[in-house]
Each structure stands twice: as C-alpha cells, then as structure tokens.
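Participant: only the shape, not the letters, is given here:
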C-alpha cells in the first residue's frame, strides 16, 4: 500500500508541475460575409392627382344667361335656348310677343361676360 500511495503522490506531483495547464483555444469569431453595396432606392416620383376637367366658359356663360331669363318677369324662358361663344350670346326659340323678344335680349345683354347678343327668337302668337 505504501507503494500505491507513493505512486499516487508521484502522479499528483507530476500533474501539478511548473507549467500551467494549457488554455483552450478560443473559438474563432464568425466572420460576416461582405454585403454588396446597393444604392439607396430613388424616391418615388410624386404622382400628380388628375386635374378636374375645367368647365367650358362658353357653357357657363350660356347657363348664366338662361338663369337670368328664367328669373325675369314676363319672359317664357322655357321656349328659349341659349348658346355662347367668346362673349357672343345667341338666343333661339319662340316668344309670344315682340316685347317679350326684346326683353329677352335686354336681360341677356346685362349678364356679366356678354359682349353681344344675337337675337334669333321668333315671335309666334300663342307660344
């Protein structure tokens, strides 16, 4: 048994030698793969909202004249059609009297934007 104890002590002394125990090698850090350089995306072009169609100034003028005729007393505006082109207004249709025909032209000429009136209204008795 003495021999056994001596052998264990000898092995223990050999294990505790002057040299430190070797340190385990650190695991290599994972290397990131180089990322391709991509340019920043270009800003999206500003999409313009579609413009609302602009109203026809001739139709607007004709509508204003028709409204003025409808609001005038002693004029049967239902029998009168109105067209306009660059400030020139044309009146079409029928009137019961020459005075009604004349009043319609007078009312139309006072509407803002009217430069001239072409009175094509025909006098028809009983219209």
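Facilitator: Noted; the coordinates are in hand. Predicted model only: the values in this text are computed from it and were never measured.
Participant: going by C-alpha atoms from here, please, whenever you check contacts or count neighbours.
Facilitator: OK.
Participant: quick one: the strands in the protein?
Facilitator: Per DSSP state E, the chain carries strands over the ranges 80-85, 88-95, 116-123.
Participant: reformat those strands as TSV; add mean pLDDT, distance to residue 108 and mean neighbour count.
Facilitator: Formatted as TSV, the strands of the chain follow (pLDDT from 0 to 100; distance: least, CA to CA, whole Å; neighbours: other CA atoms under 10 Å):
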stretch	mean pLDDT	distance to residue 108	mean neighbour count
strand 80-85	96	9	19
strand 88-95	96	8	20
strand 116-123	97	7	17
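Participant: which residue is the nearest non-sequential neighbour of residue 75?
Facilitator: Nearest residue to residue 75, sequence neighbours excluded (CA to CA, 6 or more residues apart in numbering): residue 100, at 5.8 Å.
Participant: surely that neighbour touches residue 72?
Facilitator: No. The pair residue 100 / residue 72 is not scored as a contact, 10.4 Å apart, by CA atoms under 8 Å.
Participant: who has more neighbours, those two?
Facilitator: A side-by-side neighbour count of residue 100 and residue 72, using other CA atoms under 10 Å, places residue 100 first with 19 against 14.
Participant: helices of the protein, start to end?
Facilitator: 2-15, 57-71, 98-109 (DSSP state H).
Participant: can you report how many residues neighbour residue 65?
Facilitator: Residues near residue 65, counting by other CA under 10 Å: 29.
Participant: any idea how far residue 48 is from it?
Facilitator: Going from residue 65 to residue 48 by CA to CA, to the nearest Å gives 35 Å.
Participant: cool, residue 93 as well?
Facilitator: 45 Å.
Participant: returning to that earlier point: which one of the strands of the chain lies closest to residue 59?
Facilitator: strand 80-85 (6.8 Å; CA to CA).
Participant: report the angle between the closest one and strand 116-123.
Facilitator: 160 degrees (axes from the mean of the first three to the mean of the last three CA atoms, to 10 degrees).
Participant: orientation of strand 80-85 relative to helix 98-109 in degrees?
Facilitator: Using the same axes, to 10 degrees: strand 80-85 against helix 98-109 is 40 degrees.
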